[in-house]
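J.: next one to model:
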Amino acid sequence: MLAATGGPLRAQTAVQPAVPSITEESESLDSGVGNDETQGWIGKTVVSSDEREIGRLVAVQRSSDTSDGGILVMERKGRRLEVPLTGASADGDRVTVTPLFEAVVRR
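T.: Below is the predicted model of the structure:
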């Protein structure tokens with residue numbers, strides 16, 4: 001094909017910058033939940049996947065800014081409990097985690 005100017009059309013190729021979650025072997029895929037968002041979860045009530053209240057979220061420890069890895073730290077009856085961040089989600093004043101209630105409180 002020739003452009004209106006009489007010369008051939010040339011495709012312009014955009015260069016994709018490196019994305020750490022897919023270019024570094026040590027990273028897992030990112031779900032899109034950012035570090036700033038998870039820090040906003042602190043103070044919320046944590047519930048298990050079977051919808052039972054576990055405790056209050058006191059800390060989020062991410063393995064990096066680009067991976068889903070990390071843990072949620074909560075307090076329950078004077079104990080600190082930890083659950084994986086993977087699969088966790090927030091809705092209103094609650095954070096729902098993947099493990100069942102019994103699996104979390106028996107640790």
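J.: and F101, backbone torsions?
T.: phi -50, psi -50 (degrees, to the nearest 10).
J.: okay, now R79: neighbour count?
T.: For R79, the neighbour count with other C-beta atoms under 10 Å is 10. For every residue, glycine as well, the C-beta is placed using N, CA and C.
J.: separation between it and S63?
T.: The spacing between R79 and S63, counted by C-beta to C-beta, to the nearest Å, is 23 Å.
J.: please apply the same query to T96.
T.: Here T96 is placed at a distance of 20 Å from S63 (C-beta to C-beta).
J.: show me the helices in this structure, by range?
T.: 20-23, 35-39, 101-105 (DSSP state H).
J.: would you map the strands across this protein?
T.: Secondary structure of the chain (DSSP state E): strands at 45-47, 53-62, 70-76, 79-84, 89-91, 94-96.
J.: helices or strands up against the second one?
T.: In this case it means strand 53-62. The contact analysis (3 or more C-beta pairs under 8 Å, 6 or more residues apart in numbering; DSSP states H and E) places strand 53-62 against helix 35-39, strand 45-47, strand 70-76, strand 79-84, helix 101-105.
J.: wait, what's in contact with I42?
T.: The neighbours of I42, taking C-beta atoms under 8 Å, 6 or more residues apart in numbering as the test, are 57-60.
J.: beta partners of R79?
T.: Counting by DSSP bridges, R79 is bridged to R76.
J.: ok, back up a step: can you turn the buried part of the contacts of I42 into a PyMOL selection?
T.: Command for PyMOL that selects the buried part of these, burial taken from 16 or more other C-beta atoms under 10 Å:
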select buried, resi 57+60
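J.: name the nearest of the contacts of I42 relative to S48.
T.: Nearest to S48, judged by C-beta to C-beta, of those is L57 at 13.0 Å.
J.: if I pick the closest one, what's in contact with it?
T.: Under the criterion of C-beta under 8 Å, 6+ apart, the neighbours of L57 are 41-46, 72-74, 95.
J.: repeat that with 7 Å
T.: Going by C-beta atoms under 7 Å, 6 or more residues apart in numbering, L57 touches 41-44, 46, 72, 74, 95.
J.: alright, that wraps it up for me.
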